[in-house]
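J.: Quick one, what's the 3D model for this:
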Amino acid sequence: MTEAHPAPAPSEVRDEPGWFDRLDAPGRRRAVVLVAFALVAIPLIVAVVAMRSPRWYPIGDLAQTELRVRDVGTGSSPMIGLVGRLGTLTEPGSHPGPLSFWLLAPVYRLLGTSAFALIVSTVFLHLVAVGLALWIAFRRAGPWLAVGVGAAVVWLARGYGHEVLTTPWNPFLPVTWWLVLLLALWSLLCDDEVMLPIAVLAGSFCAQTHIPYLGLFGGLIVFTGVPIAVLTWRRRRRRSDEVGGWGHLGWWALGSAALGVVLWLPPIIQELTNDPGNLTVIKNSLSRHEEPSVGVAEGAKVLLQNLDPFALFTHRAPRILNDGDGSVVPGLLLLVAWLASVVPAWRLRSQRLLALDGVLLAALLLGWASISRIYGEVWTYLLLWSWGIAMLLIVATVWSVLTWWSASSPRPARLAFAGLAAAGLVAGCLAFTADNVDAEVPLPELNAVQGSLARQTVRYLDGPGAVGGGRDGRYVVSWSDPLYLGTFGYGLLDELERDGFDVGVDPLNAAGAGEHRVVPVDDATGRLQVVVGPAIADWARLPGVRRIAYADPRPPAQVREFERLRDEVVLLGRSLDLPQLEQFESQLFATANRTDLPASISSRVTRMAAIGLPAAVFVSVP
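T.: Here you go, the predicted model:
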């Protein structure tokens, strides 16, 4: 007489019981996963604690992000994402949607709307994604695969560095949710309809937050949607009498579709109520650009450079691997190893491994196509998704090798898997924690300048006789910035608004600050002008203008070096008949990014940009 075994709970249903599923003892399954999650979370918590001092002052895009998060739940709740390299000066475009702002807002508000609260909220979002990734792995193959995925995640996090996972910048926010999307699609291929809403949420978050993920998400839906539908149809037909049956799947599908509509409703409303809408601006920007695209051949090279497995385990922060000097050999070797690992998975008819390999193949092809269509500078932040694919390629390869080994030696293979996963997780936790003990706020040198400017400005506006009325006045914040592109201007706007001042911007900067922050000239009682670089001396000579703040990040030795390099660039420009370099300091960022200058000039200008420029704040009547 055989003993009856109860059916597993829905949260523990796993298709195709694997060779390492028996590693865990009864009653300890979830404890193993919780320990794995804690070991991934500890390094990030250490980083957050270390970043509590000195105080962080958001600048540039980060200040714009905080302004939009602060708007959530008000009459000016954001409907689109952060303004990006899209559109034109007269019709600027933003990233597709505001989901990141909405998801950052709850923890940000709960902790008091400080800048530090935004860091905590950012880490919280990443940890939610990590928890989902481990949960998906647990559903597919038990707690020890979750430990293996945890090891992969913590080493991937160390490769990115704490800067990526604590900074609320839109290219950084999706990196962990991209992993969740890939794992959720894998789980769907394994007949787990519970992953439908997870895939919708993760994909929508990525696609709305940063434009490169829009094509990746849409392409993955096409690549995996048909196989998922076909496999689901066949399985349901074979198991039509299964508990839940078609009705169970139907409810998950209906709920996920409704979730998708809700998540994409804000950008759709914005598109329908504006002329042109932001989605139209994005479409026009991507289809009508004049700059040449990277191309298929160069796209393959860049992708292989960013699949370098050694970079994943040795780089504490993203490096520019696509700078022309990076080798394609490590990435090519990883691809060859992964393709070879597909053979035993195919021979063993491992549904789970083949499903994961299929998702990774789709992601690789789409990533290649995405890189090939990049126009302009190929910045590293456009390629951060490739590191996640590389790490999952490593996971799939190791899993396949151990699965093949288990066919002849199941017990040693099971122990090897458990030992490798646990050792990798613990080692990654220790290494990443050690990195983060002295974690700094983003861009510490510029943070010091921003903090100094903000404190001096507040001190003046709170003093007697402040031009414009101080706290009783209304100010327009504008800027002249040849190097940092308005970084300190947005930062000052953010800090003054946080401190309770009535501040806004002129129409030119409405896309970055929000239309509701535009202050008509007739309504303003004062103007705060942030000036960077040589124009500070010009502003100081204007009548009716008063300098109220000044900060220079450069020590005296760097000031002398900067002046020497400036004189050398001007002399070189004259000798090479480049008269436009006479005033290059007033266009330092643009000059540093020119590709048509001789190396003797470009190297000096690049060094000058790295040294930086002083900044000042002037106040006047509008």
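J.: Tell me which helix or strand in the protein has the weakest average pLDDT.
T.: helix 212-238 (a mean of 78; mean pLDDT, DSSP states H and E).
J.: partners of the residue lying closest to residue 544 once chain neighbours are set aside in the sheet?
T.: Closest residue to residue 544 apart from its sequence neighbours, by Cβ to Cβ, 6 or more residues apart in numbering: residue 620 at 5.5 Å. The C-beta positions use only the backbone N, C-alpha and C, and glycine is treated the same way. Here residue 620 shows beta-bridge partners residue 527, assigned using DSSP bridges.
J.: Nearest residue to the middle of this protein?
T.: residue 172 (1.6 Å; Cα atoms, centre = their mean).
J.: gap between the residue nearest to residue 525 when sequence neighbours are not counted and residue 501?
T.: Spatial nearest neighbour of residue 525, chain neighbours left out: residue 473 (3.8 Å); criterion: Cβ to Cβ, 6+ apart. To residue 501, residue 473 is 8 Å away according to Cβ to Cβ, to the nearest Å.
J.: Looking at the two now, which is surrounded by more residues?
T.: Set side by side, residue 473 and residue 501 show more neighbours around residue 501, with 22 against 16, by other Cβ atoms under 10 Å.
J.: what are the phi and psi values for the more buried one?
T.: Reported as degrees, to the nearest 10, the phi and psi values for residue 501 are phi -80, psi 150.
J.: Kindly report the same for residue 85.
T.: Dihedral angles of residue 85 (phi, psi; degrees, to the nearest 10) stand at phi -80, psi 60.
J.: got it, and the one 4 residues further on?
T.: Residue 89 has phi and psi values of phi -60, psi -40 when expressed as degrees, to the nearest 10.
J.: Next, count neighbours for it.
T.: Neighbourhood size, residue 89 [other Cβ under 10 Å]: 7.
J.: go on, residue 88?
T.: By other Cβ under 10 Å, 10 other residues sit near residue 88.
J.: cool, and residue 153?
T.: When neighbours are counted by other Cβ under 10 Å, residue 153 registers 27.
J.: would it count as being in a strand?
T.: No - applying DSSP: H, G, I helix; E, B strand; the rest coil, one finds residue 153 to be helix, outside a strand.
J.: Go ahead and confirm it touches residue 178.
T.: No - look at residue 153 against residue 178 with Cβ atoms under 8 Å: they stay out of range, at 11.7 Å.
J.: that older thread, got a pLDDT number for the residue nearest to residue 525?
T.: pLDDT, residue 473: 96.
J.: Secondary structure element for residue 503, which one?
T.: Per DSSP states H and E: residue 503 is located in strand 502-504.
J.: Show me the contact partners of the very next helix or strand once past that strand.
T.: Following strand 502-504 in sequence order, the next helix or strand is helix 510-513 (DSSP H and E). Applying Cβ atoms under 8 Å, 6 or more residues apart in numbering, the contact partners of helix 510-513 are 64, 67, 83, 92, 94, 486, 490, 493, 504, 505, 517, 518.
J.: what about the strands in the stretch 1-150 of the chain?
T.: Secondary structure of the stretch 1-150 of the chain (DSSP state E, counting those that start in this stretch): strands at 83-87, 92-94.
J.: wait, the stretch 351-500 of the chain
T.: For the stretch 351-500 of the chain, the strands defined by DSSP E, counting those that start in this stretch cover 474-480.
J.: What count of nearby residues applies to residue 575?
T.: Using other Cβ under 10 Å, residue 575 is surrounded by 9 other residues.
J.: just residue 434 next, same as before
T.: Per other Cβ under 10 Å, the neighbour tally for residue 434 reads 12.
J.: how far away is it from residue 122?
T.: Plainly put, residue 434 is 22 Å away from residue 122 if you go by Cβ to Cβ.
J.: Over to residue 113?
T.: In terms of Cβ to Cβ, residue 113 sits 14 Å off from residue 122.
J.: Please identify which of those two sits among more neighbours.
T.: Higher neighbour count among residue 113 and residue 122: residue 122, with 25 against 14, using other Cβ under 10 Å.
J.: Which residues are in contact with the closest residue to that one other than its chain neighbours?
T.: Nearest residue to residue 122, sequence neighbours excluded (Cβ to Cβ, 6+ apart): residue 168, at 4.4 Å. Contacts for residue 168 (Cβ under 8 Å, 6+ apart) come out as 62, 65, 66, 69, 100, 104, 118, 119, 121, 122.
J.: how close does the last one sit to residue 94?
T.: It refers to residue 122. 19 Å.
J.: Kindly report the same for the second one.
T.: Distance, residue 65 to residue 94, using Cβ to Cβ: 12 Å.
J.: swap in residue 105?
T.: 18 Å.
J.: Who has more neighbours out of those two?
T.: Legend: neighbour count by other Cβ under 10 Å for residue 105 and residue 94, higher for residue 94 (27 against 22).
J.: I'd like the distance between the more buried one and residue 81.
T.: Applying Cβ to Cβ to residue 94 and residue 81 gives a distance of 5 Å.
J.: which neighbours do those two share?
T.: Counting by Cβ under 8 Å, 6+ apart, nothing touches both residue 94 and residue 81.
J.: In TSV: the strands of the stretch 1-150 of the chain, plus distance to residue 441 and mean pLDDT.
T.: Output for the strands of the stretch 1-150 of the chain, formatted as TSV (distance: least, Cβ to Cβ, whole Å; pLDDT from 0 to 100):
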stretch	distance to residue 441	mean pLDDT
strand 83-87	23	85
strand 92-94	26	90
